[in-house]
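1. A structural model of the following input is requested.
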Amino acid sequence: MMRFATRLFLICPLSSMAWSAALSLGPGASAPGGTVSLSLSLASSGSSVAGAEWRLNYSTYDFASISITAGSSVTSAAKQLLCSNPAAGQFVCLISGLNQNVIPDGVLATAVLNVASTSTSTSSNVGISVASATDPGGASIATAATGSRVTITQPSTTISRLSCSPSSIIVPASTTCTVALSAGAPAGGALVSLGYAASGATLSIPSSVTVAAASTQQSFTAQAVSATTNTTATLAASSSGSSATFSLAIAPAPISQTAAPPTAPANLAGIATSSSQIKLSWTASTSSLGIAAYLVESCRGSRCTNFGQIAQTTATTYSNSGLQRKTIYRYRVRAKDTAGALSAYSNIVAVETRWR
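-> Alright, predicted model coming up:
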């Protein structure tokens, strides 16, 4: 701690202890990256203050630097203000002079603090401690000290807009979406949660994005994974109680016009298992789109040609029941793919039911 320039300041006559003095630091406010000025004031309460000393304490996380200059009360009394920085977050200041002039009530010093751009605090204490004062004779005066609280105004992180370009996509295309804030994100960034709602469609999007500090927007990709019909997906973004939505039109993938139809079922064969039932089997068809079903057709008579569909199945076997005994039935089968395209017919097989 710095000491006064003359040893007279350390003399403490009992008669002076009846008086008192108060040092108080005024409030202030600023935003990250800004500055705030705090005035240290003297209220002598009847005392004749000729010198003073104090320690100022501050957060190095919230304040990047500080400077202290003499106030009007000090200069009017022809005194000097000397400050040193013995440790991080501390300044020790001394008011002294080679005269016995009384320092009037008012501003002793002004502290200008630079608020750190990385501060995420909403307020920070600036304290005054180890305060003392002396009268013109060097006697100590009982001194109280009051610090201050600086309000740090963090920028708003309200979501102002959510948009995507293009605004309509076809499976499996993607679109670039952007979340915009009404002001630059605070130190540490702004976390924005994402989601969507869609009927008959599936999207791939991240669960959240972070808008970087001081930035006002962040982009992400939304990809259409599937859609059964033309539909609209509602994308949503939310952060700190604010939200925004965007309607994205999604269409299913078009049916390929160049896809080959399914191959015809092969090796159709049948056997009478009773007087009223015939069991059929065949070799599966192939298709680049996949087989949706087999259509089984039949007519009655050894030379019949008036085939009609009697069944649709996904298996490669079928049992036709409820037939007349000792009767010939002719059969043929064709395949249908997932796009609805039909194959050529299989071979025709004729089978006679048993007598009994």
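
2. alpha carbons only for contacts and neighbour counts from here, please
-> Will do.

3. Would you mind confirming that residue 102 is in contact with residue 49?
-> Yes. With contact defined as CA atoms under 8 Å, residue 102 counts as touching residue 49 (5.5 Å).

4. Break the chain into its domains for me.
-> 7-152, 159-251, 266-352 (automatic domain parsing).

5. quick one: average pLDDT of the second one?
-> Per-residue pLDDT values across domain 159-251 average out to 93.

6. Pull out the buried residues from stretch 229-237.
-> Within stretch 229-237, the residues that count as buried by 16 or more other CA atoms under 10 Å are 231-233, 235-237.

7. In a markdown table: the residues you listed, plus secondary structure and distance to residue 178.
-> Shown next, in a markdown table, are the buried residues of stretch 229-237 (DSSP: H, G, I helix; E, B strand; the rest coil; distance: CA to CA, whole Å):
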| residue | secondary structure | distance to residue 178 |
| --- | --- | --- |
| 231 | strand | 21 |
| 232 | strand | 18 |
| 233 | strand | 16 |
| 235 | strand | 11 |
| 236 | strand | 11 |
| 237 | strand | 10 |
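
8. quick one on the thing from earlier: overlap in contacts, residue 102 and residue 49.
-> By CA atoms under 8 Å, 6 or more residues apart in numbering, residue 102 and residue 49 have these common neighbours: 135-136.

9. So which of these two has more stuff around it?
-> A count of neighbours by other CA atoms under 10 Å puts residue 49 above the other of residue 102 and residue 49, at 28 against 20.

10. which residue sits closest to that one, ignoring its sequence neighbours?
-> Among residues not flanking residue 49 along the chain, residue 135 sits closest, at 4.7 Å (CA to CA, 6 or more residues apart in numbering).

11. ditto for residue 234
-> Excluding the flanking residues, the one nearest residue 234 by CA to CA, 6+ apart is residue 247, at 4.7 Å.

12. List the residues that contact the one you found.
-> With CA under 8 Å, 6+ apart, residue 247 has these contacts: 167, 232-235.

13. How about residue 108, nearest residue that isn't a chain neighbour?
-> residue 71 (4.5 Å).

14. wait, what's in contact with that neighbour?
-> Going by CA under 8 Å, 6+ apart, residue 71 touches 107-110.

15. now the residue in the chain sticking out farthest from the centre: how far from residue 230?
-> The centre of the chain is farthest from one residue, residue 355, which by CA atoms, centre = their mean lies 77.5 Å away. With distances taken as CA to CA, to the nearest Å, residue 355 is found 56 Å from residue 230.

16. Check residue 285 too.
-> According to CA to CA, residue 285 and residue 230 sit 31 Å apart.

17. Residue 106 - how many residues pack around it?
-> When neighbours are counted by other CA under 10 Å, residue 106 registers 17.

18. where does it fall, phi/psi-wise?
-> phi 140, psi -150 (degrees, to the nearest 10).

19. Might you list the low-confidence residue ranges for the protein?
-> By pLDDT under 70, the low-scoring segments of the chain are 1-19, 155-156, 255-258.

20. quick one, helices of it?
-> Taking DSSP state H as the test, the helices found in the chain are 72-76.

21. rewinding a little: the domains of the chain: which one's closest to residue 259?
-> domain 266-352 (7.2 Å; CA to CA).

22. measure the closest one end to end?
-> Terminal residues of domain 266-352 are spaced 21 Å apart (CA to CA).

23. and residue 174, bridged to which residues?
-> residue 223 (DSSP bridges).

24. what's the neighbour count on it?
-> With other CA under 10 Å as criterion, residue 174 counts 21.

25. Could you do residue 189 as well?
-> Counted with other CA under 10 Å, residues neighbouring residue 189 total 18.

26. hang on, the earlier thing: if we take the buried residues of stretch 229-237, which one ends up nearest to residue 77?
-> Ranked by distance to residue 77 (CA to CA), the buried residues of stretch 229-237 are led by residue 237 at 61.3 Å.

27. Could you measure from the closest residue to the closest one other than its chain neighbours over to residue 209?
-> Leaving aside its sequence neighbours, residue 237 sits nearest to residue 194 (CA to CA, 6+ apart; 4.7 Å). The gap separating residue 194 from residue 209 is 8 Å, by CA to CA.

28. These two: which has the busier surroundings?
-> Shown here are residue 194 and residue 209; by other CA under 10 Å, residue 194 has more neighbours (20 against 17).

29. dump the residue contacts of that one.
-> Residue 194 neighbours (CA under 8 Å, 6+ apart): 205-209, 235-238.

30. what do you get for residue 43?
-> With CA under 8 Å, 6+ apart, residue 43 has these contacts: 21-23, 105-106.
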